[in-house]
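Chemist: the following comprises the amino acid sequence and a computationally predicted model.
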Amino acid sequence: MSEAKRLAGEKAIEYVEEGMIVGVGTGSTVGYFIDALGRIRDRIAGAVSSSEQSSERLRSHGIEVVDLNAIGPLPLYVDGADECDPQKRLIKGGGAALTREKIIAEASTRFVCIIDPAKRVRVLGRFPLPVEVIPMARSLVARAILAATGGQPVWREGVVTDNGNWILDIHGLSITDPMVVERELNQIPGVVAVGLFARRPADVVIVGGEPPQIL
Ligand SMILES: O=C[C@H](O)[C@H](O)[C@H](O)COP(=O)(O)O
């Protein structure tokens with residue numbers, strides 16, 4: 001699968017234009033995109049990063065990491081996903097970076113999602129849905145999730161997000177109406193972000209392969 005991830009990451013470079021500040025996601029697929037971005041670093045103005053991990057990799061290539069507050073809307077955001085349905089709605093957050101990823105996706109005009117073929121599903125939910133929570137609300141949120149969805153929330157013990165919060169992964173879902181699930185989970189006090197990208201899906205999906213497929 002890493003070859004498919006590399007092919008998707010490198011294809012996404014075609015969406016980068018001269019002088020852009022590029023929004024950059026997190027994960028192994030994005031790692032290939034960052035490496036390719038490094039090869040054209042003189043042609044971009046910098047990057048907005050969704051995680052400490054990506055910031056470090058961007059800087060290692062000599063790419064300036066810019067604060068989202070210092071700029072207006074971003075023209076382009078490139079990020080991976082854990083699952084993608086036919087409407088380009090996504091589950092993200094396997095790497096615990098979902099909250100900053102959601103913020104950057106929202107700030108971006110075009111969201112290009114890069115995946116390997118195994119990430120494509122008909123219905124979201126086989127991959128446990130990550131939810132970032134304020135630590136003191138963990139068990140309250142877990143009970144509310146069970147009541148609202150019937151899914152089994154499991155604490156990703158030992159993982160602390162870049163924002164100092166914790167992650168619950170909801171197992172056993174079959175998300176036929178992602179907009180409703182996203183909205184309902186967002187309303188639980190203590191939830192910081194839900195790893196469902198339904199209200200703001202991807203605009204373009206690149207499925208890594210020979211040749212890459214554009215959805
Ligand atoms: O929090 C992590 C992100 O949402 C990633 O985009 C997602 O987990 C996919 O990661 P990978 O490209 O490593 O499969």
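Modeler: It's in. Residues are numbered from 1 along each chain as shown.
Chemist: please make it C-alpha for all contacts and neighbour counts, starting now.
Modeler: OK.
Chemist: find the nearest non-adjacent residue to Met136, please.
Modeler: Spatial nearest neighbour of Met136, chain neighbours left out: Gly190 (7.9 Å); criterion: CA to CA, 6 or more residues apart in numbering.
Chemist: give the contact list for that neighbour.
Modeler: When contacts are counted by CA atoms under 8 Å, 6 or more residues apart in numbering, Gly190 touches 133-134, 136-138, 141.
Chemist: buried residues, stretch 178-198. List them.
Modeler: With burial defined by 16 or more other CA atoms under 10 Å, the residues of stretch 178-198 counted as buried are 178, 181-182, 185, 188, 190-198.
Chemist: Ile71 - how many residues pack around it?
Modeler: Ile71: 10 surrounding residues under other CA atoms under 10 Å.
Chemist: from Arg122, how far off is it?
Modeler: 37 Å (CA to CA, to the nearest Å).
Chemist: near the ligand, which residues of this structure?
Modeler: Neighbours of the ligand within the chain, by CA under 6 Å from any ligand atom: 26-30, 79-82, 92-98.
Chemist: ranking the residues you listed by neighbours, who comes first?
Modeler: Of all the residues of the chain next to the ligand, Gly80 has the most neighbours under the rule other CA under 10 Å, reaching 31 neighbours.
Chemist: was I right about that residue contacting Val24?
Modeler: No - with contacts counted by CA atoms under 8 Å, Gly80 stays clear of Val24, the gap being 9.6 Å.
Chemist: tell me, what's touching those two both at once?
Modeler: Counting by CA under 8 Å, 6+ apart, the shared contacts of Gly80 and Val24 are Val30.
Chemist: which single one of the residues of the chain next to the ligand is nearest to Leu7?
Modeler: Leu7 has its nearest neighbour among these in Thr29, at 9.0 Å by CA to CA.
Chemist: returning to what we had before: show only the entries of the residues of the chain next to the ligand found in helices.
Modeler: 28-30, 98 (DSSP state H).
Chemist: the contacts of Gly190, buried ones only, as a PyMOL selection?
Modeler: Command for PyMOL that selects the buried part of the contacts of Gly190, burial taken from 16+ other CA under 10 Å:
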select buried, resi 133+134+138+141
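Chemist: so which of the contacts of Gly190 belong to helices?
Modeler: Mapping the contacts of Gly190 onto helices (DSSP H) picks out 138, 141.
Chemist: remind me which residues of this structure are low pLDDT?
Modeler: Residues of the chain that meet the criterion pLDDT under 70 lie in 1.
Chemist: can you list the domains in it?
Modeler: The chain breaks down into these domains under automatic domain parsing: 2-118+199-214, 129-195.
Chemist: deepest in the core, which of those is it.
Modeler: Mean neighbour count (mean count of other CA atoms under 10 Å) peaks for domain 2-118+199-214 among those, with a mean of 20.
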